[in-house]
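> Provided below for reference: sequence and predicted model.
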Amino acid sequence: IQATPVPYATVRFAPAPLLPDARRSTMAGMVELVLVHGDITEQAVDAVVNAANSSLLGGGGVDGAIHRKGGPAILAECRKLRASHYGKGLRTGAAVATTAGNLPARWVIHTVGPVWSARDDRSELLASCYRESLAVADELGAQTVAFPAISTGIFGWPMDDGARIAIETVRSAGTSVQRVSFVLFSHDGYAIFEKALV
Ligand code: ADP
């Protein structure tokens, strides 16, 4: 039997066999992982993930780009969320959705990555960003989600370790999202993700 050719850097895999809760029982059965060398703000997907900070009021890097291109509607919703639920800030590893404003996506899922520390292992918090973002995507009914390499910019996480955690966590998440894109801004980042995918 001849295998169907799979596009470059696209990997299909079966999800974990256990379905721990009702939400996960709706999953379609296969998740496709795609690598993109590009800008997260240009992804035409259901949800783009923002590497936000806990204030939800914007910042540099991905956060700055999303608010700049997405326009004031995103910040307005972030402010409302802050007032209603996150007065002390969104905790590290958690995720919450807003409109995507003028971006070519339906939602922005804001998640707060951990700042890299050589002293304590914060991997579980970084994994939580990917897991919680996918759980929010499932609640929204999003089928396509684009992630940046969370924490690997201003927050200083080494790209190779960040890539490993991103890929392992999405692979084992048990989600009904059908396609997850990792959008890497730099050529180096793309190459590191590509290596981590195999
Ligand atoms: P963090 O504060 O979580 O480290 P950053 O936004 O500083 O988040 O960076 C996360 C990663 O996203 C870095 O690897 C950075 O190079 C990359 N990045 C920055 N801008 C964009 C963009 N517009 N699209 C995709 N990736 C981006």
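That came through fine. Please read these numbers as outputs of a predicted model, since none were measured by experiment.
> so residue 108 makes contact with residue 65?
No: counting by C-beta atoms under 8 Å, residue 108 stays clear of residue 65, with 11.3 Å between them. (Glycine included, C-beta is placed from N, CA and C.)
> Would you agree residue 143 is in contact with residue 181?
No: the pair residue 143 / residue 181 is not scored as a contact, 11.9 Å apart, by C-beta under 8 Å.
> how about the residues of the chain that lie near the ligand?
Residues of the chain lying near the ligand by C-beta under 6 Å from any ligand atom: 39-41, 51, 60-63, 65, 113, 148-155, 183, 185-186, 189.
> one step back: higher neighbour count, residue 143 and residue 181?
residue 181 (22 against 15; other C-beta atoms under 10 Å).
> secondary structure class for the more buried one?
The three-state label given to residue 181 by DSSP: H, G, I helix; E, B strand; the rest coil is strand.
> Let me know the average pLDDT across stretch 50-58.
Stretch 50-58 shows a mean pLDDT of 96.
> what does stretch 168-177 give?
96.
> Quick check: buried residues in it?
Buried residues in stretch 168-177, counted by 16 or more other C-beta atoms under 10 Å: 169, 170, 171, 173, 174, 175, 176, 177.
> how about the strands of this structure, start to end?
Under the criterion DSSP state E, the chain contains strands at 10-13, 31-37, 47-52, 95-99, 107-112, 144-147, 179-184.
> that older thread, make a PyMOL selection of the buried ones in the residues of the chain next to the ligand.
Those of those that count as buried under 16+ other C-beta under 10 Å are selected in PyMOL with:
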select buried, resi 40+41+51+61+62+63+65+113+148+149+150+151+152+153+154+155+183+185+189
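> how near is the residue nearest to the spatial centre of the chain to residue 96?
Note on the chain: the residue nearest the mean C-alpha position is residue 147, at 3.3 Å, using C-alpha atoms, centre = their mean. Distance, residue 147 to residue 96, by C-beta to C-beta, to the nearest Å: 15 Å.
> quick revisit: show the contacting residues for the residue nearest to the centre of the chain.
49, 130, 133, 166, 170, 180, 181, 182, 183 (C-beta atoms under 8 Å, 6 or more residues apart in numbering).
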